[in-house]
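Asker: Show me how the following folds:
(2 chains)
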Protein chains: 2
Amino acid sequence: MTSNVSVVLARRPRGKPQPGDFALRTDALRALEPGELLLRNRFVSLDAGFRKWMDAGSGDNVLPAMEIGEPVMGLVLGTVEESRHPDFQGGEWLMARLAWQQYSITDASDFLIRLPEPLEAEPSHYLGVLGDTGLSAFFGLRDIARPQPGETVLVSAAGGAVGSIAGQIARILGARAVGIASGPDKCRRLIDELGYDGAVDRTGDVDAALADACPDGVDVYFDNAGGPLLERVLEHINDRARIVLCGAVADYGSDAPGPRNLFALVTRQATMSGFLTHTRADEYPAARRQLAQWLETGQLKAPEYRLQGIEQVGPAFCDLFAGRNFGKTIVEL
Amino acid sequence: MTSNVSVVLARRPRGKPQPGDFALRTDALRALEPGELLLRNRFVSLDAGFRKWMDAGSGDNVLPAMEIGEPVMGLVLGTVEESRHPDFQGGEWLMARLAWQQYSITDASDFLIRLPEPLEAEPSHYLGVLGDTGLSAFFGLRDIARPQPGETVLVSAAGGAVGSIAGQIARILGARAVGIASGPDKCRRLIDELGYDGAVDRTGDVDAALADACPDGVDVYFDNAGGPLLERVLEHINDRARIVLCGAVADYGSDAPGPRNLFALVTRQATMSGFLTHTRADEYPAARRQLAQWLETGQLKAPEYRLQGIEQVGPAFCDLFAGRNFGKTIVEL
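Answerer: Here you go, the predicted model:
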């Protein structure tokens, strides 16, 4: 009998998640019922947005609150090991919103996407640049922010999975990209490795650095961070600025007060929009093709922060919040 | 020699303005220079949005910060008493962003709008339903919020100058209108006098009242209040909700923290937009014609809270923040 190791929620995180918030559990893998399929998970994607549903009472129209002792929900990428579902067959690559487990059994009623056959890039990219985070950057910029050539696009958590792609897409669309990241090393990598035009060190004097890096003001703020940074950035927005709140945000899980200066939206006639990528599943194939093409031509780089083994999934999630990653955080199982 | 009484800023208001924040000053009226015109102000409009610029350092791209001892800026409506400006002649009605004074001298470089000739309604309406506040309601709903028939439009400060018009326009556009106001009397007047479908008493249990008055959730929040109400309303918005922050807001002058739950914009894929009415001056004539027509057919009512005499201008402004008004607050000089 095959055993299945899951990462369960040991306790509800307080603020930033800690490795002790998670534990491993080994179960025997049950047989499939008719209509079910068995997914062998090859990669786990770590996404800050899931932090929210670890809080009690956080259930909403997207997900219920996670339960103590139960496997943690996230995004996984795997191959169909066995199928009793008429629409799926062995060997297919699927990306799904399922638990952090070595194997998942699903009746395919979960959020589940079939990867293209043949694959357009190496599999792990479907969790990053060709997955939710890359697609968030793509849809958020192309459809919501709509930067015009020459405009300044400011990206927070710019070294993160979404931000590392967002700044590059902004440049491909003809805009000037400025990234906010923590510490001089990450700021340097934004410019040297990802082609950002400027960088703002979040650990320094943010106001001065914003004024310096965005001398013509901010036309688009692509916010992957939330929290107090938004208040600072609102002081630098231009008329008709567009602020995009990305679903994969880090600080929204905290209960910190919002910006005191929302009135800036009025005086600047600006717009702040939230969006969710997974509601646009119909548009995934075309968007992925575009991203894959940019990857192939080298216009787009897709850095990964990759750990190995199911026991690294909890720690890797914590690394996200500690800012240890650069690029997309994944664990290879 | 004609004397001119002005209302000057005696001290900077702390929080809500108090009558003692203002004082009267009498000057002799000087002769016109070439290119200037003399406006005899007939009505002063009281608008909460101007509170912001009474703070030190509040100057922005709209107005500089007001100075202690100087006439207070606002919106006035008057007739041209004398003109040495080639484009204006005696007797014309003008609406302008000028000081709270009996007479104004201007070279017409200020924000200034000529009223149609003949007038489409009684003059004071050009400061209210046909002025900035009515036009704010009109543009904010028609162009920004775009309510669909059957959607629920929630309006804060619904008994105020903008809110009293906004709810009625929402209903004309086929939506269901729910107003938030302070106290049971105002709530009753919203329904009885303005045709609102429901009302929420801000002084009671707002969450319960919102759930009760908006059983299908909130599709549009037309916010004239700002502040802590926004946090409450965010808990009730529907998918794809539009939140419109109106320029004529009451609480934004305060430095209160913003909503803790801006993440609701993400999970609801909602949009929050600020706008300024005075940047749409080109569209005023057509919008005013539409509003005047609704007034004439009785589809739209335009309640006024009217005081008399220049010495009442400061107190009337304070009444706005104390919530004493129902409808547009004006002083007839």
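Asker: Determine whether any part of stretch A:268-275 lies close to chain B.
Answerer: Yes - using C-beta under 8 Å from any C-beta of the partner chain, stretch A:268-275 comes into contact with chain B via A:268-275. For glycine as for every other residue, the C-beta is placed from the backbone atoms N, C-alpha and C.
Asker: What confidence value was assigned to residue A:279?
Answerer: Residue A:279 carries a pLDDT value of 87.
Asker: Check the secondary structure at the closest residue to it other than its chain neighbours for me.
Answerer: Residue nearest to residue A:279 in three dimensions, not counting chain neighbours: residue B:269, with 6.9 Å by C-beta to C-beta, 6 or more residues apart in numbering or on different chains. Put simply, residue B:269 is coil when judged by DSSP: H, G, I helix; E, B strand; the rest coil.
Asker: Next, the contact list for residue B:269, please.
Answerer: A:273-276, A:279, B:239-240 (C-beta atoms under 8 Å, 6 or more residues apart in numbering or on different chains).
Asker: circling back to that earlier point, how about TSV for the residues of stretch A:268-275 next to chain B, with pLDDT and distance to residue B:174 added?
Answerer: Formatted as TSV, those follow (pLDDT from 0 to 100; distance: C-beta to C-beta, whole Å):
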residue	pLDDT	distance to residue B:174
A:268	94	31
A:269	95	26
A:270	97	28
A:271	97	24
A:272	97	27
A:273	97	25
A:274	95	26
A:275	91	27
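Asker: of all those, which comes closest to chain B?
Answerer: residue A:274 (3.4 Å; C-beta to the nearest C-beta).
Asker: The closest one against residue B:268, yeah?
Answerer: Yes - between residue A:274 and residue B:268 there is a contact under C-beta atoms under 8 Å: 6.8 Å.
Asker: Those two: who's more crowded?
Answerer: residue A:274 (26 against 23; other C-beta atoms under 10 Å in any protein chain shown).
Asker: roughly how far apart are the more buried one and residue A:57?
Answerer: 20 Å (C-beta to C-beta, to the nearest Å).
Asker: Check residue A:5 too.
Answerer: Taking C-beta to C-beta, one finds residue A:5 at 29 Å from residue A:57.
Asker: So for these two, which residue has more residues nearby?
Answerer: Set side by side, residue A:5 and residue A:57 show more neighbours around residue A:5, with 18 against 6, by other C-beta under 10 Å.
Asker: For chain A, which segments count as helices?
Answerer: Remark: helices assigned in chain A by DSSP state H are A:132-139, A:161-172, A:184-194, A:206-213, A:228-234, A:263-267, A:284-297, A:313-322.
Asker: Residue numbers of chain A in contact with chain B?
Answerer: Counting by C-beta under 8 Å from any C-beta, chain A sits next to chain B at A:52, A:60-62, A:226, A:230-231, A:239, A:245-247, A:249, A:252, A:255-276, A:279.
Asker: and if we set it to 7 Å?
Answerer: Contact residues, chain A versus chain B (C-beta under 7 Å from any C-beta of the partner chain): A:60-62, A:245, A:247, A:249, A:252, A:255-260, A:262-263, A:265-276, A:279.
Asker: Identify those among those that sit within strands.
Answerer: Counted as lying in strands by DSSP state E, out of the residues of chain A next to chain B, are A:245, A:271-274.
Asker: By neighbour count, which of these wins?
Answerer: Counting by other C-beta under 10 Å, top hit in these: residue A:245 with 28 neighbours.
Asker: contacting residues around that residue?
Answerer: Residue A:245 is in contact with A:223, A:272-274, B:262, B:265-266, counting by C-beta atoms under 7 Å, 6 or more residues apart in numbering or on different chains.
Asker: Which strand residues bridge it?
Answerer: residue A:223, residue A:274 (DSSP bridges).
Asker: I'd say residue A:141 and residue A:165 touch.
Answerer: No - counting by C-beta atoms under 7 Å, residue A:141 sits too far from residue A:165 to count as a contact (9.2 Å).
Asker: out of those two, which sits in the busier spot?
Answerer: residue A:165 (31 against 26).
Asker: now that one: how far from residue A:146?
Answerer: Relative to residue A:146, and taking C-beta to C-beta, residue A:165 is found at 17 Å.
Asker: And the pLDDT for residue A:262?
Answerer: pLDDT, read off for residue A:262, is 89.
Asker: can you tell me which residues contact it?
Answerer: With C-beta under 7 Å, 6+ apart, residue A:262 has these contacts: B:245, B:258.
Asker: likewise residue A:285?
Answerer: residue A:116 are the contacts of residue A:285 under C-beta under 7 Å, 6+ apart.
Asker: ok, now with 6 Å
Answerer: With contacts defined as C-beta atoms under 6 Å, 6 or more residues apart in numbering or on different chains, residue A:285 has no neighbours.
Asker: which residue does the stretch 51-200 of chain A bring closest to chain B?
Answerer: Counting by C-beta to the nearest C-beta, the stretch 51-200 of chain A gets nearest chain B through residue A:60, at 5.3 Å.
Asker: Leaving out sequence neighbours, find the closest residue to that residue.
Answerer: Nearest non-adjacent residue to residue A:60 (C-beta to C-beta, 6+ apart): residue B:267, at 5.3 Å.
Asker: The one you found touches residue A:58, doesn't it?
Answerer: No - if you go by C-beta atoms under 6 Å, residue B:267 and residue A:58 don't touch, sitting 10.1 Å apart.
Asker: Which one of these two is surrounded by more residues?
Answerer: residue B:267 (20 against 16).
Asker: per-residue confidence for the more buried one?
Answerer: For residue B:267, pLDDT reads 88.
Asker: low-confidence ranges in chain A?
Answerer: A:247-255 (pLDDT under 70).
Asker: What count of nearby residues applies to the residue lying closest to residue A:44 once chain neighbours are set aside?
Answerer: Leaving aside its chain neighbours, residue A:44 sits nearest to residue A:331 (4.6 Å; criterion: C-beta to C-beta, 6+ apart). Other residues within reach of residue A:331 by the criterion other C-beta under 10 Å amount to 27.
Asker: surely residue A:331 meets residue A:314?
Answerer: No - taking contacts as C-beta under 6 Å, residue A:331 lies outside contact range of residue A:314: 9.4 Å.
Asker: ok, so of the residues of stretch A:268-275 next to chain B, who is nearest residue A:113?
Answerer: Residue A:113 has its nearest neighbour among the residues of stretch A:268-275 next to chain B in residue A:275, at 17.8 Å by C-beta to C-beta.
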